[in-house]
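Asks: Let me see the structure of the following:
(one chain, ligands or ions: 1)
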Amino acid sequence: MNEHMRLMLPGPTPIPPSAQNALGRPMINHRGPEFAELFARCMDGMRWLFQTRGDVVLLAAASGTGGLESAIANTLSPGDRVLALVAGEFGARFADMAEQFGANVTRLLVDYGQAFSPDELASQLALVPYRAVLITHNETSTAVMQPLEALTRAARRVHPDILILVDAVSSLGVVDLPVDAWDLDVVVSGSQKAFMIPPGMAAASVSQRAWEASKVATMPRYYWSFEQHKQFEGKGQTPWTPALSLMYALDESLKIMQAEGLPAIFARHETMTGMLRRGAEAMGLELVVTNEAIASRSVTAIYPPAGIAADAVRQRMQADFGLVLAGGQGKMAGKIFRIGHLGFYQPLDMLTVLAALEVTLVRMGAELHLGAGVRAAQDALLKGSVVHA
Ligand code: PLP
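Replies: Just a heads-up that it's a prediction; the model follows:
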């Protein structure tokens, strides 16, 4: 293990020192008053992050996938017609999961690297009385951010009461996601992303419409019962033993996020995305997502230069610089590398990764002008909206 190792994955992500230190605190009684205070602070923080006055029901021990199961199991019944928007690996999993639980799933597909059109969604929904639509907000595998607000509006135009179930595992805390203002029913996220803490905790917001749906939904649920979580929150507890260490860390990371403020957090991600994209272009590299409007603000996917293998680039970046990049997934495996930039990152990290990438590609025989990528990123930073005192 290289002591200089730095993760640039779209999760797990680096952890701020105060959250890292909090992980080592001693255990407390999770049925006692000290826990109730910690839990209340974290839940208030979650409502702030989800931008909701409604309920955030879970801070449960699970990865993001567990949270997604909770959305399906609590709101749907076997046989319910569900439209799943599948733009990559994570959208495909969400659809498979609903099918495993007995939903009648139709998949709407787009090519990898593309976003869904709200009009096309509306046309599809007009064909059948769907009960729910599943949307993966940020498709981490292809680095596409779907136009969630426009898709939701289009869906509600056709079926005002359709359930909108959102995978926001890699978008919450990165881009604006006002759950109430956009009228989203269940929105799920996971701790190892923009929460800036280790994997192992999932969270979900639940709208009034979703609560009504949960009363009639018949899919089996126990661990994930929203009702149980809500009842126990009233007592300052979780129904099952919580991931205490992660909650200590979350308490710290929420302080950092709240001190920065949501607008500044979103602006920082926007600027970092621009830096990486302009830098990669200036190096002559092809981006998987060419349309700026739908480019993920959490992760950037890049094709290597012709004749150089994507996975070899990642190996050299790790061996020579300790920078750990992600590979492609599914049919993109071996074809691209992905640079994660959600959570505890700063513009400096983008300058660093681009400088290292330039050296790596030159070492591997690519013809490029050293400094061109860094220069373009510096320009993007100067034009960007990150404000420094
Ligand atoms: N959905 C998206 C968009 C993701 O990026 C991920 C993880 O990368 C998941 C779901 C699955 O989350 P987990 O691996 O925490 O279960």
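Asks: all contacts plus neighbour counts: C-alpha atoms, from now on.
Replies: OK.
Asks: wouldn't residue 323 be in contact with residue 6 here?
Replies: Yes - using Cα atoms under 8 Å as the test, residue 323 is close enough to residue 6 to be in contact (5.1 Å).
Asks: So those two - more neighbours on which side?
Replies: When residue 323 is set against residue 6 and neighbours are counted by other Cα atoms under 10 Å, the residue ahead is residue 323, at 23 against 16.
Asks: check contacts around the more buried one.
Replies: Listed by Cα atoms under 8 Å, 6 or more residues apart in numbering, the contact set of residue 323 reads 5, 6, 7, 8, 317, 353.
Asks: repeat for residue 116
Replies: Residues counted as contacts of residue 116 (Cα under 8 Å, 6+ apart) are 85, 110, 146, 147, 151.
Asks: quick one: which of these is nearest to residue 331?
Replies: residue 110 (13.7 Å; Cα to Cα).
Asks: Mind checking what secondary structure the spatially most central residue of the chain has?
Replies: Closest residue to the average C-alpha location of the chain: residue 170 at 0.6 Å, with Cα atoms, centre = their mean. Residue 170 falls in the coil class when you classify it by DSSP: H, G, I helix; E, B strand; the rest coil.
Asks: Which stretches in the stretch 251-389 of the chain count as strands?
Replies: 286-287, 299-303, 323-327, 337-340 (DSSP state E, counting those that start in this stretch).
Asks: So which of the ones you listed is nearest the ligand?
Replies: Set against the ligand and scored by Cα to the nearest ligand atom, the strands of the stretch 251-389 of the chain come closest in strand 299-303, at 9.6 Å.
Asks: Name the residues that touch the worst-scoring helix or strand of the chain on mean pLDDT?
Replies: Among the secondary structure pieces of the chain, namely its helices and strands, strand 55-61 has the lowest mean (mean pLDDT, DSSP states H and E), a mean of 88. The contact list for strand 55-61 (Cα under 8 Å, 6+ apart) reads 43, 46-47, 200-207, 226, 229-230, 233, 238, 242-243.
Asks: Just to be sure, which of the residues you listed are found in helices?
Replies: Cross-referencing the contacts of strand 55-61 with the helices (criterion: DSSP state H) gives 43, 46, 47, 226, 229, 230, 233 as the overlap.
Asks: Which members of those residues are classed as buried?
Replies: With neighbours counted using 16 or more other Cα atoms under 10 Å, these contain these buried positions: 43, 46, 47, 226, 229, 230, 233.
Asks: Out of those residues, which is nearest to the ligand?
Replies: When these are compared for distance to the ligand (Cα to the nearest ligand atom), residue 46 wins out at 17.3 Å.
Asks: who's the residue lying closest to the closest one once chain neighbours are set aside bridged to?
Replies: Closest residue to residue 46 apart from its sequence neighbours, by Cα to Cα, 6 or more residues apart in numbering: residue 56 at 6.9 Å. Under DSSP bridges, the beta-bridge partners of residue 56 are residue 205.
Asks: mind checking how far residue 56 is from residue 43?
Replies: Using Cα to Cα, to the nearest Å, one gets 7 Å for the distance from residue 56 to residue 43.
Asks: just residue 185 next, same as before
Replies: Taking Cα to Cα as the criterion, residue 185 is separated from residue 43 by 18 Å.
Asks: Same list (the ones in helices among the contacts of strand 55-61) but as JSON lines, adding pLDDT and distance to the ligand.
Replies: JSON lines is the format used below for those (pLDDT from 0 to 100; distance: Cα to the nearest ligand atom, whole Å):
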{"residue": "43", "pLDDT": "97", "distance to the ligand": "20"}
{"residue": "46", "pLDDT": "97", "distance to the ligand": "17"}
{"residue": "47", "pLDDT": "97", "distance to the ligand": "20"}
{"residue": "226", "pLDDT": "96", "distance to the ligand": "19"}
{"residue": "229", "pLDDT": "96", "distance to the ligand": "20"}
{"residue": "230", "pLDDT": "95", "distance to the ligand": "22"}
{"residue": "233", "pLDDT": "95", "distance to the ligand": "23"}
